[in-house]
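Student: coords below, sequence missing:
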């Protein structure tokens, strides 16, 4: 076993070179490089975590804005519906008012016309009476040769009119 | 056993510190190769891009693996041991795997320096010293309470203390020997099996079919197992180191 048989001759060289070379590995690789690699990994992990957190907060913001937008939209919709309802009520009232004004006007016109018609028919009746009295007076004068006065004729005509 | 032989390459005669020879050997060469390969591997992960490429992803998975292990075993204080544990894990892993590379096909003799208990022992002592230094630095003499589990009856105290102390002091040995034995056993097993393949085939057709081919099939399977062991042993070394560091950081 060379490990034992060569021990006395080689231990000092083994120890010296091991300490020298392992020391160099420790200084250059262990202290120089490994912490930098670990730091790289850590900064990457941190960046990923930060990005995820930023994305999460952005998502939360978007959610909040959407909710706010939704409540505002609902509010505006309700307002619009209120406005529409008010306008409908107004319009109905205006229609009713103009309708009642128009019907009153129409009624007045109708009443006036009826009055006029009644006046005209009574006037016409009076005219017919006068004409009938005149005609009766004339007829009596011609047929019977009796001269009646206008008043008598009118009275007779009126009596006939009254009897129907 | 030839594969474990240390062959001095240069500086055998005159390189020394305080009378101790520090010749540059094939073992030192493979340490350099492992270190350079590790450095090159890590360099591919240093682009520090936000969206990592494949290579950067591989490097990051290794650092993340050690980082998670420390976080799970030591807690948030574990981060400051990342350089040491990561260097340890990667250096042992590269050494183990480089030693398994079939470089013999191109005439290069790979040397697994983690199959030498001098090397694994030094690494174990390094880990153990860190535990001791951290423990005494952080807790002072209170660190000795590590050897007294909660709720120990007063009568049992001396005995328990002794047992815990021994189990604590055995740690560097078990840590270093485990890696050394695992690496050495794997390589010896492969060598024995390959000698069966060669010897059996040379002994004739019958032996070749009866011994050579089954041994070869077994060797292929054991090669896969050895690659697994190379990773597992590096992991175990790093894991136990982090567990011991946890003891030093938090006591019980």
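Tutor: The structure has been received and is ready for your questions. Because the structure is a prediction, the values reported are computed rather than measured. Numbering: from 1, shown residues only, chains lettered A, B, ... in the order given.
Student: C-alpha only now, for contacts and for neighbours.
Tutor: Will do.
Student: Of all the helix elements in chain A, which one is longest?
Tutor: In chain A, with assignment by DSSP state H, the single longest helix is helix A:34-143.
Student: Which elements pack onto that helix?
Tutor: Judged by 3 or more CA pairs under 8 Å, 6 or more residues apart in numbering or on different chains; DSSP states H and E, the packing partners of helix A:34-143 are helix A:150-163, helix B:54-73, helix B:82-100.
Student: Please identify the deepest-packed of these.
Tutor: By mean neighbour count, with neighbours taken as mean count of other CA atoms under 10 Å in any protein chain shown, helix B:82-100 ranks first of those at a mean of 24.
Student: Can it be said to contact chain A?
Tutor: Yes. Against chain A, helix B:82-100 shows contacts by CA under 8 Å from any CA of the partner chain at B:82, B:83, B:84, B:86, B:87, B:88, B:91.
Student: contact partners of that helix?
Tutor: The contact list for helix B:82-100 (CA atoms under 8 Å, 6 or more residues apart in numbering or on different chains) reads A:22, A:25-26, A:29-31, A:34-35, B:30-31, B:34-35, B:37-38, B:63, B:66-67, B:70, B:110-114, B:123, B:183, B:226-227, B:230-231, B:233-235, B:237-238, B:241-242.
Student: follow-up on the earlier one: report the angle between the axes of the longest helix of chain A and helix A:150-163?
Tutor: 130 degrees (axes from the mean of the first three to the mean of the last three CA atoms, to 10 degrees).
Student: quick check: mean pLDDT across helix A:34-143?
Tutor: Taken as a whole, helix A:34-143 has a mean pLDDT of 93.
Student: By mean pLDDT, show me the worst of the helices and strands packed on helix A:34-143.
Tutor: The stretch with the lowest mean pLDDT among the helices and strands packed on helix A:34-143 is helix A:150-163, at a mean of 77.
Student: What are the buried residues along stretch A:20-40?
Tutor: Buried positions in stretch A:20-40, judged by neighbour count with 16 or more other CA atoms under 10 Å in any protein chain shown: A:21-22, A:24-26, A:28-31, A:33-38, A:40.
Student: ends of that stretch, how far apart?
Tutor: With CA to CA, to the nearest Å applied, stretch A:20-40 spans 29 Å between its terminal residues.
Student: which residues are in contact with that stretch?
Tutor: Stretch A:20-40 has contacts (CA under 8 Å, 6+ apart) with B:31-32, B:35, B:38-39, B:42, B:45-46, B:48-50, B:59-60, B:63-64, B:67, B:82-84, B:86-88, B:91.
Student: Count the neighbours of residue B:101 for me.
Tutor: Residue B:101: 15 surrounding residues under other CA atoms under 10 Å in any protein chain shown.
Student: give me every residue that touches the nearest residue to it once chain neighbours are set aside.
Tutor: Excluding its sequence neighbours, the residue lying closest to residue B:101 (CA to CA, 6 or more residues apart in numbering or on different chains) is residue B:110, at 7.2 Å. Residue B:110 is in contact with B:3, B:30, B:98, B:99, B:100, B:101, B:103, B:104, counting by CA under 8 Å, 6+ apart.
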